[in-house]
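Peer 1: sequence isn't available, so here's the structure alone:
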């Protein structure tokens, strides 16, 4: 394993830690601030910070129609819709249960590779898809039966994960011809605009409440989440997709729920049940069965 690959894996691991903690930060933020308004400002901050990185010693290139399509689609699904649905889901669901669902992301990416890129899945991979999705289905139905509204929250989280996984395919397509930093900055700007429009329609006083009634500690959490997770984290992740591929990078996403589970116990004092742990293990088994076999085929199909 060469030095650059080791460095890339180490940076990916750091991103997973940051993103794992970000679920916990979201869980705290949504209790105090309007969801859509908060997400719009958060992504705008991230876009501005990232733009400072991009404009230093780097030229912005004019995008083709195809690149604009990939970028806008990935921004609306992987940034705007993903963050909005995740935040809405965390309003009523626990961070630990949400983490189990987010672990499904690599499997969902493989399924979208099949649906969009026509990459065939083997019987083992289809078994992995079945095991992963069935585990998440059991989690949602069990939670809904026990806690009621929490089940709806987990459905929001599931939808947010699916949309983010879908965006990974188009990010990979875009990074064949685009610089990842430029792609990420544009995605964040487009995502923040989409969220801002949505907030005006659904939270008319959201921005006013955010700026006038939010404490300093909440603002610090929001800024850390914007800079560390959305700006730097998304930039490093998109760069990794370009270097080692969408599916191989997505395997690291398994660590996000792992860190989220740990942080939910440490910081939120949530109790993780044996049922949750069991389903989490089955999700990971399904992911390993599904993702581990189709990376070369996905890469070839995208490049063509």
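Peer 2: Perfect, I can see it now. Since this is a predicted model, take the numbers as computed values, not measurements.

Peer 1: what helices or strands is the strand or helix carrying residue 155 leaning on?
Peer 2: Element membership for residue 155, per DSSP states H and E: helix 149-174. Secondary-structure packing of helix 149-174 (3 or more C-beta pairs under 8 Å, 6 or more residues apart in numbering; DSSP states H and E): helix 65-75, helix 82-92, helix 95-102, helix 105-117, helix 123-147, helix 234-244, helix 246-251, helix 295-303. (C-beta placed from N, C-alpha, C; glycine too.)

Peer 1: distance from it to the middle of the chain?
Peer 2: The chain centroid and the centroid of helix 149-174 are separated by 7 Å, computed with C-alpha atoms, centre = their mean, to the nearest Å.

Peer 1: quick check: buried residues in it?
Peer 2: Buried residues in helix 149-174, counted by 16 or more other C-beta atoms under 10 Å: 150-174.

Peer 1: shaky segments in the chain?
Peer 2: 1-2, 56-60, 143-150, 245-248, 250-251, 292-304 (pLDDT under 70).

Peer 1: need the contact list for the residue nearest the centre of it.
Peer 2: The centroid of the chain falls nearest to residue 164 when counting by C-alpha atoms, centre = their mean (5.3 Å). Neighbouring residues of residue 164 by C-beta atoms under 8 Å, 6 or more residues apart in numbering: 77-78, 82, 105.

Peer 1: just read off the phi/psi values of residue 121.
Peer 2: Note on residue 121: its backbone torsions stand at phi -100, psi 140 [degrees, to the nearest 10].

Peer 1: what's the burial count for it?
Peer 2: Residue 121 has 18 neighbours, counted by other C-beta atoms under 10 Å.

Peer 1: do the same with the one 4 residues further on
Peer 2: Applying other C-beta under 10 Å, we find 22 residues neighbouring residue 125.

Peer 1: kindly report the same for residue 3.
Peer 2: By other C-beta under 10 Å, the residues close to residue 3 number 7.

Peer 1: just to revisit the earlier point, now do the residue nearest to the centre of the chain against residue 223, distance only.
Peer 2: With the distance defined as C-beta to C-beta, to the nearest Å, residue 164 ends up 22 Å from residue 223.

Peer 1: list the contacts of the spatially closest residue to residue 25 that is not a sequence neighbour.
Peer 2: Using C-beta to C-beta, 6 or more residues apart in numbering and skipping the chain neighbours, the partner closest in space to residue 25 is residue 225 (4.8 Å). Each residue near residue 225 by C-beta under 8 Å, 6+ apart is listed here: 22, 25-26, 29, 42.

Peer 1: residue 121 touches residue 290, doesn't it?
Peer 2: Yes: contact criterion C-beta atoms under 8 Å: residue 121 and residue 290 qualify, at 7.4 Å.

Peer 1: shared neighbours of those two, anything?
Peer 2: Both residue 121 and residue 290 are contacted by 110-111, 129, under the criterion C-beta under 8 Å, 6+ apart.

Peer 1: just those now: which is nearest residue 210?
Peer 2: Comparing the shared contacts of residue 121 and residue 290 against residue 210 with C-beta to C-beta places residue 111 closest, at 36.5 Å.

Peer 1: the closest one is in contact with residue 130, isn't it?
Peer 2: No: contact criterion C-beta under 8 Å: residue 111 and residue 130 do not qualify, at 10.9 Å.

Peer 1: more crowded one of the two?
Peer 2: Neighbour totals were compared for residue 111 and residue 130, and residue 111 leads with 23 against 14 (other C-beta under 10 Å).
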